[in-house]
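# Generate coordinates for the sequence data below:
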Amino acid sequence: LDPDTARRYSRDVLGSDAALGGLRFGLLALGDRSYEHFCGFGRRVESWLVAHGAEAAFATVDVDRGAAAALATWRERLRPWTGAAAPDNPDNPDNPDDPDDPLDTSVDPLAARFERWRLVERRQVNEGSVGAPLFHLSFEAAGATVIDWRAGDIAVVRVDGRQRDYSIASLPADHRIELLVRCAPRPDGRVGLGAAWLTSTLALGETAALRIRVNRGFRLEALSPSTPLILIGNGTGIAGLRAHLKQRAQDGASRNWLFFGERQSAFDRPYGGELDAWLRSGTLERASFAFSRDDDRRTYVQHRLAEAGEAVARWIADGAVVLVCGSADGMAEAVDRVLRDLVGDAAVDDMAADGRYRRDVY
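Residues are numbered from 1 along each chain as shown. Okay, the predicted model is just below:
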């Protein structure tokens, strides 16, 4: 379960009583240690199971951002139950079951192996802005391998042995993987390793190790062109939304409404030419922009959403799917509150469970 889908599960299942005496369970908890409540949902499930009489067969396995070693531990602890054979030589670095193999995909059968992709374009798209520099990057496959992806998927870039995730702003039909990367300084003044390498160190013509991560939580599988789509985001979040708009344009879908927030209208309109063209062609039925530094009111995307509340509620009543992409702190939380004010907590939770409310926030 992703965090949004889990809300209804928490309400309907973890809020209920059950007689689980005699049940033994194993639990794998997925999380990210950069968040305060690491593996919090898994721990809540564990507490509910134990409180209702179930017994843990082994200690819960916590996984930090898909760590291969933790997933290997999980497989090992399941082996007595599944009867799976142990690897012939787990110490062999060439063994495909080696949890430390950087190219191992056995822990994620949907993940492609890393391939070499050549940087063919890099340009700053917000020159003059008070915000940190924002760069559009384009990569072409350096080899003959054809890699497929869908709108909503993630590009995982290997930088100095570490992995960084970026929303893909393009479709396979573009024959390029396109990213939008902000070179923003941290509180100590340093720029993140991945952003610095991609926006300045990596030279045009050089290659990067990249793979596609299937992001089912932000894909729209077989969405009918007649289904309304509301896209909400800020900053680099426009990258993931752009891919979905490209797909909608290919599908001939026209009932699309974009809400997008940035700093200054004069400088901060990444892909602005495309958005204007989609408005003219009818791919975008409506677009609502918020530029927080254009005046003293500090208008953000959630304010535009609230201002259009009645129309947004009508779109949702008509079956609209809502996509949110961008910053988790501030924007995504505020947008969630507005949606709940407009249609109610239960409706938003049901939309998430039904795949009609999807978020890719960071």
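
# Secondary structure element holding Asp268?
In this assignment (DSSP states H and E), Asp268 forms part of neither any helix nor any strand.

# give me the number of residues near it?
A count of neighbours around Asp268, defined by other Cβ atoms under 10 Å, yields 26. To be clear about C-beta, it is placed using only N, CA and C from the backbone, and glycine gets the same treatment.

# outside of stretch 196-214, which residues touch it?
108, 110-122, 133, 135, 137, 139, 142, 147-149, 153-160, 165, 168, 177, 179, 181, 183 (Cβ atoms under 8 Å, 6 or more residues apart in numbering).

# switch the cut-off to 6 Å
110-112, 114, 116-119, 135, 142, 147, 149, 153-159, 181, 183 (Cβ atoms under 6 Å, 6 or more residues apart in numbering).

# repeat for stretch 29-45
Ala6, Thr60, Asp62, Val63, Asp64, Arg65.

# What does the fifth one show for phi and psi?
Comment: the main-chain dihedrals of Asp64 come out as phi -100, psi 110, following degrees, to the nearest 10.

# Show me what it is bridged to.
Gly31 (DSSP bridges).

# and it, how many neighbours does it have?
Close neighbours of Asp64, defined as other Cβ under 10 Å, add up to 15.

# Likewise for the one 4 residues further on?
As a burial measure, the neighbour count of Ala68 was computed by other Cβ under 10 Å and equals 18.

# ok, now how distant is it from Ala29?
16 Å (Cβ to Cβ, to the nearest Å).

# re the thing from before, of the contacts of stretch 196-214, select the buried ones using a ChimeraX command.
In ChimeraX, a selection of the buried entries from those looks like this (16 or more other Cβ atoms under 10 Å):
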select :111,112,114,117,119,135,149,153,154,155,156,157,158,159,181,183
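
# Among the contacts of stretch 196-214, which are located in strands?
When the contacts of stretch 196-214 are checked against strands (DSSP state E), the matches are Arg116, Trp117, Arg118, Leu119, Phe135, Ile154, Ala155, Val156, Val157, Arg158, Val159, Val181.

# Just flag the most distant two among those.
For those, the maximum inter-member distance is 20.4 Å, found between Arg116 and Phe135 (Cβ to Cβ).

# And Val324, how close does it get to Asp318?
For Val324, the distance to Asp318 equals 19 Å [Cβ to Cβ].

# Please identify which of the two sits among more neighbours.
Val324 (27 against 11).

# Quick check: that one touching Ile232?
Yes. With contacts counted by Cβ atoms under 6 Å, Val324 reaches Ile232, the gap being 4.8 Å.

# got any residues that touch both of these two?
Common contact partners of Val324 and Ile232 (Cβ under 6 Å, 6+ apart): Val335.

# For Glu274, state which of the ones in strands among the contacts of stretch 196-214 is nearest.
Distance to Glu274, by Cβ to Cβ, is smallest for Phe135 among those, at 16.7 Å.

# For Ala155, see how far away that closest one is.
For Phe135 relative to Ala155 (Cβ to Cβ), the value is 14 Å.

# Just give the number of residues close to Asp341.
Residues lying near Asp341 (other Cβ under 10 Å) number 14.

# For it, which three-state class applies?
helix (DSSP: H, G, I helix; E, B strand; the rest coil).
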